[in-house]
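Novice: Just to be clear, the model below is a prediction. Sequence and coordinates:
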Amino acid sequence: MPLLLLTGHQRSGTTILRILLNSHPEISITNEFNNLDRVGSDRVTYTVHLLKRIWQLRRRRDNFSPGARNPSPWWGNPYCILRYMLRVQFTPSWRIGFPAAEAGLRSLYPKSRWVGDKYPDYIWDLESYSRSRDLTCMVIYRDGRDVVSSALEKARTTWKSERYGRHFDTAEKVARRWIRAVEIMERCSGRIIRIRYERLIAEPADVAGEIGERLGVDPAFFPVDRIHSASRGKHRSMLTPRELAAVNEIAGPALARLGYG
């Protein structure tokens with residue numbers, strides 16, 4: 001089933017991977033639509049979930065859809081969700097499954113072979129998602145120390161006024177969240193497509209070729225020349241000695257397991 005779920009812990013590279021995928025003419029991945037959450041619930045529950053998502057996206061500055069295919073975000077995001085909701089209502093089953101979600105996305109992007117959504121919080125339910133035959137799961141992971149430094153920077157600036165920012169306001173909190181995400185990814189390893197962030201930015205052509213092979217699309221359409229490695233290893237300058245020591249103490253075994261020496 002050409003329905004793709006893209007996830008990974010916050011600040012692990014989900015955005016750059018989504019941009020790369022969306023540059024391919026056969027792929028359209030929405031940005032944090034969160035439409036794959038509540039799949040399996042009844043039609044009313046699912047519709048309420050989407051209406052809440054419209055409210056959450058009301059002040060979002062960017063369009064959640066691929067490219068510039070919508071009008072301005074304040075109208076474009078709700079417009080796309082309402083179109084999606086209308087299509088989903090025609091599903092013959094009272095319960096909304098992944099085929100209905102795919103049909104809804106395909107109504108927005110009929111020319112795309114692959115459709116899907118990118119959302120970091122999908123990682124917490126990855127074990128359930130990865131068991132579905134109607135869904136392909138792609139997970140990107142990154143050096144936990146860089147994840148911590150990047151998340152802390154966001155928590156002190158862009159995320160400071162957001163409620164979820166409190167989950168990322170200390171190195172210890174982020175390190176523990178990263179470990180949880182990594183452990184879930186490892187348990188699902190045989191059922192997902194794993195992308196290592198550092199390899200993506202160091203060897204983009206090779207990684208794009210592997211993605212193309214797994215998805216059955218021509219990798220030549222991925223603009224790998226736009227990917228650079230400037231954001232690698234920033235924890236060395238961004239974390240204080242105390243923060244780095246805390247991360248190494250909490251996440252040391254997981255970092256070693258993944259080859260982050």
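Specialist: Nice, thanks for sending it over.

Novice: So, low pLDDT: which residues of the stretch 51-200 of the chain?
Specialist: Scanning the stretch 51-200 of the chain with the threshold set as pLDDT under 70 gives 59-62, 67-76.

Novice: What are the boundaries of the strands in it?
Specialist: Here the stretch 51-200 of the chain has its strands, by DSSP state E, counting those that start in this stretch, at 114-118, 136-141, 193-196.

Novice: possible to save these as CSV with mean neighbour count and distance to Trp159?
Specialist: For glycine as for every other residue, the C-beta is placed from the backbone atoms N, C-alpha and C. Listed next are the strands of the stretch 51-200 of the chain as CSV, based on neighbours: other CB atoms under 10 Å; distance: least, CB to CB, whole Å:
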stretch, mean neighbour count, distance to Trp159
strand 114-118, 25, 18
strand 136-141, 24, 20
strand 193-196, 18, 24
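
Novice: Using CSV, lay out those strands together with distance to Gly165.
Specialist: Shown next, in CSV, are the strands of the stretch 51-200 of the chain (distance: least, CB to CB, whole Å):
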stretch, distance to Gly165
strand 114-118, 20
strand 136-141, 22
strand 193-196, 26
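
Novice: who touches Arg95 in this structure?
Specialist: Gly40, Ser41, Asp42, Arg43 (CB atoms under 8 Å, 6 or more residues apart in numbering).

Novice: Buried ones among the residues you listed?
Specialist: The neighbour count (16 or more other CB atoms under 10 Å) marks Ser41, Arg43 as buried among these.

Novice: Return the closest of the contacts of Arg95 with respect to Arg214.
Specialist: Ranked by distance to Arg214 (CB to CB), these are led by Gly40 at 25.3 Å.

Novice: hang on, the closest one is in a strand, isn't it?
Specialist: No. Counting by DSSP: H, G, I helix; E, B strand; the rest coil, Gly40 falls outside a strand, being coil.

Novice: quick one: it from Trp159, how far?
Specialist: Separation of Gly40 from Trp159 (CB to CB, to the nearest Å): 30 Å.

Novice: Then Arg187?
Specialist: Applying CB to CB to Arg187 and Trp159 gives a distance of 28 Å.

Novice: Which one of these two is surrounded by more residues?
Specialist: Trp159 (19 against 13; other CB atoms under 10 Å).

Novice: Ramachandran coordinates for the more buried one?
Specialist: phi -90, psi 0 (degrees, to the nearest 10).

Novice: Could you report the separation of the nearest residue in space to it that is not next to it in sequence from Leu152?
Specialist: Leaving aside its sequence neighbours, Trp159 sits nearest to Gly165 (CB to CB, 6 or more residues apart in numbering; 3.7 Å). Distance, Gly165 to Leu152, using CB to CB: 10 Å.

Novice: higher neighbour count, the two?
Specialist: The residue with more neighbours, out of Gly165 and Leu152, is Leu152; 23 against 16, by other CB under 10 Å.

Novice: wait, doesn't that one sit right on Thr240?
Specialist: No. Using CB atoms under 8 Å, Leu152 is not in contact with Thr240; the gap is 9.8 Å.

Novice: Ser150 contacts Lys234, doesn't it?
Specialist: Yes. If you go by CB under 8 Å, Ser150 and Lys234 touch, sitting 7.1 Å apart.

Novice: State the distance from Leu200 to Arg177.
Specialist: According to CB to CB, Leu200 and Arg177 sit 21 Å apart.

Novice: Oops, could you answer that again for Gly104 instead?
Specialist: Counting by CB to CB, the separation of Gly104 from Arg177 is 30 Å.

Novice: Neighbour count: the two, which is higher?
Specialist: Gly104 (24 against 20).
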